[in-house]
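Engineer: give me a model of this one.
(one chain, ligands or ions: 1)
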Amino acid sequence: MSRGAAFLGSEVAVLGGAMSWVSERNLVAAISNAGGFGVIACGAMTPELLDTEIAATKALTGKPFGVNLITMHPQLSELIAVCARHGVGHVVLAGGLPPKGSLEAIKGAGARCICFAPTLALAKKLIRSGVDALVIEGMEAGGHIGPVSTSVLAQEMLPEIAGAVPVFVAGGIGRGEAIAGYLEMGAAGVQLGTRFVCATESIAHPNFKRAFIRASARDAVASVQYDARLPVIPVRALKNAASDLFSAKQREVAGRLDENAVAMAEAQLEIEHYWAGALRRAVVDGDVEHGSVMAGQSVGMVTREEPAAAILAELMDEAAAALGRRAG
Ligand SMILES: Cc1cc2nc3c(=O)[nH]c(=O)nc-3n(C[C@H](O)[C@H](O)[C@H](O)COP(=O)(O)O)c2cc1C
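Structural biologist: Model prediction:
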């Protein structure tokens, strides 16, 4: 992982994937202090809040960390400027292709830009447009997901792009043996989210952590779309009352569409807004039944609360042992 670590400026090339409401100063600093690379989830933060969060993270760690910005944010340029003012070394752009000018603004400030590549064609396009590194994330991951598994993305994409830029593999990684496997396939490093939620330093509500510790892989399910007229962006989260009610909600709204009792745009907005504020409700308020408990399939391998440094050390030991066995 030396290539990935050199790129990030960390000891090991393990990114703590940005998780809204979870990846704030405490967890980010803990991951970076442990030798990994923490990433602040900016999510819907205002530029002022991001400014405070970066300053607070810097107070907790002298090690490098990154900031994850969502491309759809209406104040993306201002957020990039905040990162530049603080000399943030790495900006991760999530939520689609970088809007015009954003890549130039990030790189112009001397930072490196990491983007998500959903397909091989888009990966090549992003590399041509000058991104410094890519994350490929499979559908095993927690949160918003694409349709293809990590193992298939890795096989399809690493041989083609890993020579051009550092590529970090994400989604479903729970143990170091899997990290070793992706490194052997050409990855520069990995990104994990789910495994870090129950770090001692994570401020996630105790109910949120308990739900993770109790859950098995099959409890982390992707949201399902019931009607072609009502698009649903797939999100992987633990099954709960909110996910059951979401299915009922879609059927109910589709029924009203059939009866012409609601306009299409209004119906689609009703579905789109269903999950608004739901992650915060679960992570911050601890309402794990009516909030969104975003979690990846590796949740079954989260068995206790422990320091971020212990999680990282265990992953590295497992990876080293796996590579050692193969060398021997
Ligand atoms: C609770 C939760 C919240 C997340 N929020 C975000 C986010 O705000 N932005 C983002 O780019 N990815 C988000 N993710 C995805 C992670 O950054 C990471 O890529 C993913 O968790 C990796 O897969 P894994 O969960 O299988 O380890 C989130 C994941 C989880 C579990």
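Engineer: next, give phi and psi for residue 161.
Structural biologist: Phi and psi for residue 161, reported as degrees, to the nearest 10, are phi -120, psi -20.
Engineer: what about it, how many residues close to it?
Structural biologist: Per other Cβ atoms under 10 Å, the neighbour tally for residue 161 reads 20. In this view, the C-beta of every residue, glycine as well, is placed from N, C-alpha and C.
Engineer: likewise residue 259?
Structural biologist: 7.
Engineer: renumber starting at 39 from here on
Structural biologist: New numbering, starting at 39: the last item is residue 297.
Engineer: any idea how far residue 290 is from it?
Structural biologist: Look at residue 297 and residue 290: by Cβ to Cβ, to the nearest Å, they are 11 Å apart.
Engineer: same question, residue 116
Structural biologist: On the measure of Cβ to Cβ, residue 116 and residue 290 end up 39 Å apart.
Engineer: residue 339 now?
Structural biologist: 37 Å.
Engineer: which of the two has more residues huddled nearby?
Structural biologist: Between residue 339 and residue 290, counted using other Cβ under 10 Å, residue 339 has the larger neighbour count: 15 against 11.
Engineer: in space, what's closest to that one - neighbours in sequence excluded?
Structural biologist: Excluding its sequence neighbours, the residue lying closest to residue 339 (Cβ to Cβ, 6 or more residues apart in numbering) is residue 212, at 3.5 Å.
Engineer: how about the one you found, what does it touch?
Structural biologist: The neighbourhood of residue 212, defined by Cβ atoms under 8 Å, 6 or more residues apart in numbering, consists of 232, 233, 336, 338, 339, 340.
Engineer: which residue sits closest to the residue in the stretch 89-238 of the chain positioned nearest to the ligand, ignoring its sequence neighbours?
Structural biologist: Nearest to the ligand, among the residues of the stretch 89-238 of the chain, is residue 231, at 2.0 Å (Cβ to the nearest ligand atom). With Cβ to Cβ, 6+ apart as the criterion, residue 231 has its nearest non-adjacent residue at 3.7 Å, and that residue is residue 55.
Engineer: got it, and residue 264?
Structural biologist: The spatially closest residue to residue 264, leaving aside those adjacent along the chain, is residue 288, at 4.3 Å (Cβ to Cβ, 6+ apart).
Engineer: swap in residue 327?
Structural biologist: Nearest non-adjacent residue to residue 327 (Cβ to Cβ, 6+ apart): residue 279, at 4.4 Å.
Engineer: ditto for residue 200
Structural biologist: residue 224 (3.6 Å).
Engineer: same question for residue 220.
Structural biologist: Using Cβ to Cβ, 6+ apart, the nearest residue to residue 220 is residue 207, at 4.3 Å.
Engineer: same question, residue 361
Structural biologist: residue 218 (4.9 Å).
Engineer: quick one: is the host helix or strand of the one you found near the ligand?
Structural biologist: Residue 218 belongs to helix 214-222 when assigned by DSSP states H and E. No - shown here: helix 214-222 not in contact with the ligand (Cβ under 6 Å from any ligand atom), separated by at least 10.2 Å.
Engineer: packing partners of that helix?
Structural biologist: Judged by 3 or more Cβ pairs under 8 Å, 6 or more residues apart in numbering; DSSP states H and E, helix 214-222 is in contact with strand 227-230, helix 346-365.
Engineer: mind doing that once more with 7 Å?
Structural biologist: helix 346-365 (3 or more Cβ pairs under 7 Å, 6 or more residues apart in numbering; DSSP states H and E).
Engineer: and the helix it packs on, what does it pack against?
Structural biologist: Using 3+ Cβ pairs under 7 Å, 6+ apart: helix 346-365 touches helix 63-71, helix 214-222.
Engineer: enumerate the residues of the stretch 139-288 of the chain near the ligand.
Structural biologist: Counting by Cβ under 6 Å from any ligand atom, the stretch 139-288 of the chain comes close to the ligand at 175, 178-181, 208-211, 229-233.
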